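Visitor: Everything below, folded, please.
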Amino acid sequence: TGYSDTGVAPNVVCTDTCTIKNGGCDPNAGCSHDNTTNAVECTCKTGYTNTGVAPNVVCTGTIKTHAPSRKEAVIQMPVAHTTTQPMRLNAHAKLVTPTLE
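Guide: Predicted structure coming up:
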């Protein structure tokens, strides 16, 4: 147990079941093997809680998120443009970009 034959006859290829679709565990769970039986064990990752009914592990997010606030980042830079003449520098421009926090 703990391994699956992923080979094609007559070749036997033993593959750790946790490397095949996360061992059947929830995408937000880690896969490991029981030390005694070598059966697959699924454990929810940090920030997730098991809300499933045994033996099914369903990991639901418990991380609290806040609505993003709007801020503006102001970047000042000189504006350069080219013509047939050498490059020349004009007055400063102001670029205002919304950011999320």
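Visitor: hang on, residue 22 packs against residue 31?
Guide: Yes. With contact defined as C-beta atoms under 8 Å, residue 22 reaches residue 31; the gap is 5.1 Å. Every C-beta, even on glycine, is put in place using the N, C-alpha and C of the backbone.
Visitor: the more surrounded of those two?
Guide: Neighbour count, other C-beta atoms under 10 Å: between residue 22 and residue 31, residue 31 has more, with 20 against 16.
Visitor: I believe that one is in a strand; please confirm or correct that.
Guide: Yes. Under DSSP: H, G, I helix; E, B strand; the rest coil, residue 31 sits within a strand.
Visitor: ok, now how distant is it from residue 43?
Guide: Distance, residue 31 to residue 43, using C-beta to C-beta, to the nearest Å: 8 Å.
Visitor: Please parse the chain into its domains.
Guide: Residue ranges for each domain of the chain read 3-61, 70-100, as given by automatic domain parsing.
Visitor: mean pLDDT lowest for which of the ones you listed?
Guide: Of all these, mean pLDDT reaches its minimum on domain 70-100 (a mean of 54).
Visitor: Could you pull out the helices in this structure for me?
Guide: Counting by DSSP state H, one finds no helices in the chain.
Visitor: Tell me who's in contact with the residue nearest to residue 51 when sequence neighbours are not counted.
Guide: Leaving out its chain neighbours, the residue that sits closest to residue 51 by C-beta to C-beta, 6 or more residues apart in numbering is residue 60, at 4.5 Å. Neighbouring residues of residue 60 by C-beta atoms under 8 Å, 6 or more residues apart in numbering: 48-51.
Visitor: residues near residue 54, how many?
Guide: Using other C-beta under 10 Å, residue 54 has 6 neighbouring residues.
Visitor: For residue 18, see how far away it is.
Guide: From residue 54 to residue 18 the distance is 19 Å (C-beta to C-beta).
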